[in-house]
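>>> Pasting a predicted model and its sequence here:
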Amino acid sequence: MAITHFTPQLISRGSGRSAVLSAAYRHCARMEHQAEGRTVDYSAKRGLRYEEFLLPPDAPQWARELIADRSVAGAAEAFWNAIEAFEKRSDAQLAKEFIIALPVELTIDQNVALVREFVATQVLARGQVADWVFHDEPGNPHIHLMTTLRPLGEDGFGPKKVPVIGHDGAPLRNAAGKIVYRLWSGEKAEFLAQREGWLDLQNRHLALAGLDIRVDGRSYAERGVDLAPTTHIGVATKAIDRKGKKAGWSPKLERVALHEERKTDNRQRILRRPEIVLDLVSREMSVFTERDIARVLHRYVDDAGTFQHLMARILQNPEALRLEGECIALATGIREPAKYTTRELIRLEAEMAHRAVWLAGRSSHGVREKVLAAAFERHARLSEEQRVAIAHVASVGRIAAVVGRAGPARPR
């Protein structure tokens with residue numbers, strides 16, 4: 001089921017990491033770490049499905065020449081070695097990395113298209129380099145996206161901090177008269193904007209694929225879900241814990257302990273109120289199957305007996321409504337599972353339909369033709385199709401719809 005995992009982290013020497021070694025591991029490639037005079041080889045690593053190394057559209061000539069005529073991994077090797085050579089501090093921050101979960105419901109090609117649009121609109125458009133790889137591990141498709149912390153100047157890498165520019169075009173100054181600076185690569189506000197952009201794009205690509213699934217980036221508390229947030233347990237953490245158990249000792253990792261504690265707490269909450277699972281599923285899709293319910297329930301319940309007991313209680317909940325039973329599709333001959341929804345969603349959709357009918361019979365708030373004409377004159381590049389769509393939405397009807405695939409050149 002599509003999830004919202006979108007985690008940033010810094011790659012720095014202070015934590016014993018290297019941008020070149022990180023890139024080699026993610027690209028499953030052999031790379032030379034010039035600063036340390038050694039070569040690492042991860043070409044035997046499996047799971048790489050796609051990779052790209054992209055410069056922003058206005059990248060200077062020296063950056064283009066640096067990666068020219070190289071493979072994707074070769075371009076990453078050359079660029080991150082240049083970063084390592086430029087940064088002199090022993091605790092230097094070298095790059096920012098995003099680890100982003102991809103929806104398992106999309107194909108490899110569909111996920112690649114999703115990531116490419118995100119990279120173009122949220123990374124390259126900010127003047128940042130995008131070095132990303134797609135790892136397709138079973139049940140866990142995800143990308144690693146490495147970006148720069150410095151701008152690409154005409155003569156080399158620029159400063160990590162840049163002045164905050166005011167409305168008058170001059171640098172802002174604080175009460176002491178000193179110039180106010182910000183991180184060029186973005187601070188919390190920029191990260192949240194990128195995360196929201198990712199969630200919006202993910203939902204749009206799920207819709208374009210004909211999937212009735214949506215992801216919600218709000219916390220459980222913000223959504224009114226009675227569950228405690230769990231911590232993400234990465235591959236390395238799981239490996240350490242697994243090795244410790246095999247050797248007969250416990251590493252007692254704080255993150256693992258916290259995850260297990262909250263998972264146990266959530267399991268007890270679901271045992272008291274199984275309808276929590278129904279609420280979670282219906283927030284992501286309006287029509288779902290038993291398998292969809294099982295996927296969510298399995299996040300919190302491992303015991304087979306408890307799992308089956310809770311599945312029965314959820315399906316027998318008065319709020320659950322079966323739309324159609326299991327059947328054989330005449331067109332394909334494939335067995336189709338039973339489809340479910342909730343009474344709350346039926347009530348919501350009925351109310352929406354009722355209001356749409358009410359609005360369709362009324363008119364107001366139309367935009368005058370003179371105003372529309374002036375708008376079209378200011379935006380002369382609009383196609384005839386776009387003009388017709390805008391005029392339709394701006395008409396006197398209280399409700400209007402434009403049907404079509406959204407895109408950068410289509411009104412939304």
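Nice, thanks for sending it over.
>>> longest helix anywhere in the chain?
Under DSSP state H, the helix in the chain containing the largest number of residues is helix 188-208.
>>> immediately after that one, which helix or strand?
From helix 188-208 onward toward the C-terminus, using DSSP states H and E, the following helix or strand is helix 220-223.
>>> buried stuff in that next one?
Residues Tyr220 are the ones in helix 220-223 that count as buried (16 or more other Cβ atoms under 10 Å). Bear in mind the C-beta positions are built from the backbone N, C-alpha and C, glycine included.
>>> was I right about Val396 contacting Arg368?
No: with contact defined as Cβ atoms under 8 Å, Val396 and Arg368 do not form a contacting pair (10.3 Å).
>>> circling back to that earlier point, kindly export the longest helix of the chain (C-alpha atoms) in PDB.
Listed in PDB are the C-alpha atoms of helix 188-208, where the atom choice follows Å, rounded to 0.1, in the frame of the first residue of the first chain:
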ATOM      1  CA  LYS A 188      12.500  23.500   7.200                       C
ATOM      2  CA  ALA A 189       9.900  25.500   5.200                       C
ATOM      3  CA  GLU A 190      11.500  24.400   1.900                       C
ATOM      4  CA  PHE A 191      11.600  20.800   3.100                       C
ATOM      5  CA  LEU A 192       8.000  20.800   4.000                       C
ATOM      6  CA  ALA A 193       7.200  22.300   0.600                       C
ATOM      7  CA  GLN A 194       9.100  19.600  -1.100                       C
ATOM      8  CA  ARG A 195       7.400  16.900   0.900                       C
ATOM      9  CA  GLU A 196       3.900  18.400   0.100                       C
ATOM     10  CA  GLY A 197       4.900  18.500  -3.500                       C
ATOM     11  CA  TRP A 198       5.900  14.900  -3.400                       C
ATOM     12  CA  LEU A 199       2.600  13.800  -1.800                       C
ATOM     13  CA  ASP A 200       0.600  15.800  -4.400                       C
ATOM     14  CA  LEU A 201       2.500  14.300  -7.300                       C
ATOM     15  CA  GLN A 202       2.200  10.800  -5.800                       C
ATOM     16  CA  ASN A 203      -1.600  11.200  -5.500                       C
ATOM     17  CA  ARG A 204      -1.900  12.500  -9.100                       C
ATOM     18  CA  HIS A 205       0.100   9.700 -10.500                       C
ATOM     19  CA  LEU A 206      -1.900   7.100  -8.600                       C
ATOM     20  CA  ALA A 207      -5.100   8.700 -10.100                       C
ATOM     21  CA  LEU A 208      -3.600   8.700 -13.600                       C
END
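>>> Just name whatever secondary elements it is in contact with.
With contacts defined as 3 or more Cβ pairs under 8 Å, 6 or more residues apart in numbering; DSSP states H and E, the packing partners of helix 188-208 are strand 6-12, helix 108-122.
>>> where do the helices sit along the stretch 51-200 of the chain?
Per DSSP state H, counting those that start in this stretch, the stretch 51-200 of the chain has helices spanning 61-67, 72-86, 108-122, 188-208. These are given in chain order.
>>> Name all residues that make contact with Lys130.
Lys isn't right for residue 130; it's Ala. 52-54, 119, 123-124, 145, 147 (Cβ atoms under 8 Å, 6 or more residues apart in numbering).
>>> Closest one to Phe6 out of the residues you listed, please.
Leu145 (10.1 Å; Cβ to Cβ).
>>> Roughly how far does that closest one sit from Ile100?
7 Å (Cβ to Cβ, to the nearest Å).
>>> who touches both of the two?
By Cβ under 8 Å, 6+ apart, Leu145 and Ile100 have no common neighbours.
>>> want to throw the helices and strands packed on helix 188-208 into CSV with mean pLDDT?
Converted to CSV, the helices and strands packed on helix 188-208 look like this (pLDDT from 0 to 100):
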stretch, mean pLDDT
strand 6-12, 92
helix 108-122, 95
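>>> where does the chain dip in pLDDT?
Filtered on pLDDT under 70, the chain yields the residue ranges 1-2, 222, 226, 228-256, 259, 404-412.
>>> and it, what are its domains?
Domain ranges of the chain: 6-208, 226-343, 362-412, per automatic domain parsing.
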